[in-house]
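> Could you work out the structure for the sequence below:
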Amino acid sequence: RHALTGKTLTFDNGRKVRIGRQVAEGGFSFVFEAYDADARTRNAHPRKYALKRINCSDPELVQSCREEAGVHRSLGQRNLMPLLGLKFDSSRAMPGVTVCYMLFPFLETSLRDDITRRRLLDDDIRDGVGKPTRRRPYKETELLQLFGQVVDAVAAMHAATLAHRDIKLENVMMDGGGKSTPGSRKSRPTPVLMDFGSAGKVTY
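Model (predicted):
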């Protein structure tokens, strides 16, 4: 259990969340689950978020966080990750360190995860007991849709004179893929491009 688990944060737009368990860790950052803390929603179906916590040990890192947040907020295309809240705070445990919190929708699966589940990168297509297993390749229409929507995301950034500069499988999250209903087809997951920490103005 992390020391932050169970605590409540209020962001610059008034959104309040309760911090859940830690789910990932990087060089300067940690990612937690978070949930609505507002009394009107927490007892019904609280929304789940991804909370990114970045330890900024110098003013350059603080400025980098502001610029990353600015990229998110300057874009509004469905295949680009939206920023739902931003907060800066002083760290009591680490004097001189400013903590940046960024709040995003919680998307559990990346394109890398999906490719791994389909066993498309396995050399030996066998399960744990040595029996042959099947790859589950994408259909051509699925690939075209995925690729087209990632291109749409990049085009939206370029239209805003921004370059992503770090496009990779891990930075494409998969949103949804809803259940089918009678008379309708199951909806396909929507790719969402994330991680704008390396993004910057396009220079020609």
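> so how far is residue 172 from residue 154?
The spacing between residue 154 and residue 172, counted by CB to CB, to the nearest Å, is 11 Å. C-beta: built from backbone N, CA, C; applies to glycine.
> Between those two, which contacts overlap?
When CB atoms under 8 Å, 6 or more residues apart in numbering defines a contact, the residues bordering residue 154 and residue 172 alike are residue 193.
> These two: who's more crowded?
Between residue 154 and residue 172, counted using other CB atoms under 10 Å, the more crowded position is residue 172 (23 against 18).
> if I read this right, that one contacts residue 192, doesn't it?
Yes - in terms of CB atoms under 8 Å, residue 172 counts as a neighbour of residue 192; the distance is 7.1 Å.
> if I pick residue 36, what's in contact with it?
Contacts of residue 36 by CB under 8 Å, 6+ apart are 16, 17, 18, 42, 46, 47.
> In space, what's closest to it - neighbours in sequence excluded?
Leaving out its chain neighbours, the residue that sits closest to residue 36 by CB to CB, 6 or more residues apart in numbering is residue 46, at 4.1 Å.
> which SS class is residue 27?
Secondary structure state of residue 27, per DSSP: H, G, I helix; E, B strand; the rest coil, is coil.
> quick one, phi/psi of residue 114?
Note on residue 114: backbone dihedrals following degrees, to the nearest 10 are phi -70, psi -40.
> how much space between it and residue 194?
Distance, residue 114 to residue 194, using CB to CB: 15 Å.
> Throw together a ChimeraX command that grabs the buried residues out of the contacts of residue 36.
To isolate the buried members of these in ChimeraX, using 16 or more other CB atoms under 10 Å:
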select :16,17,18,47
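> between the contacts of residue 36, which is closest to residue 101?
Nearest to residue 101, judged by CB to CB, of the contacts of residue 36 is residue 17 at 9.2 Å.
> partners of the host helix or strand of that closest one in the sheet?
In this assignment (DSSP states H and E), residue 17 forms part of strand 16-25. The pairing partners recorded for strand 16-25 under DSSP bridges are strand 8-10 (antiparallel), strand 29-36 (antiparallel).
> among those strands, which is nearest residue 58?
Closest among the strands paired with strand 16-25, using CB to CB: strand 29-36, at 15.0 Å.
> so where's this protein uncertain?
1, 39-45, 122-133, 177-187, 204 (pLDDT under 70).
> all helices for it, in order.
Using DSSP state H, the helices found in the chain span residues 39-42, 59-74, 111-117, 140-159.
> Not counting its own residues, what contacts the second one?
In other words, helix 59-74. Helix 59-74 has contacts (CB under 8 Å, 6+ apart) with 28, 54, 56, 80-83, 86, 88, 98, 100, 102, 160, 162, 196-197, 199-200.
> swap the cut-off to 10 Å and go again
Residues outside helix 59-74 that contact it (CB atoms under 10 Å, 6 or more residues apart in numbering): 12, 28-29, 52, 54-56, 58, 80-86, 88, 97-102, 104, 157, 160-162, 164, 194-201.
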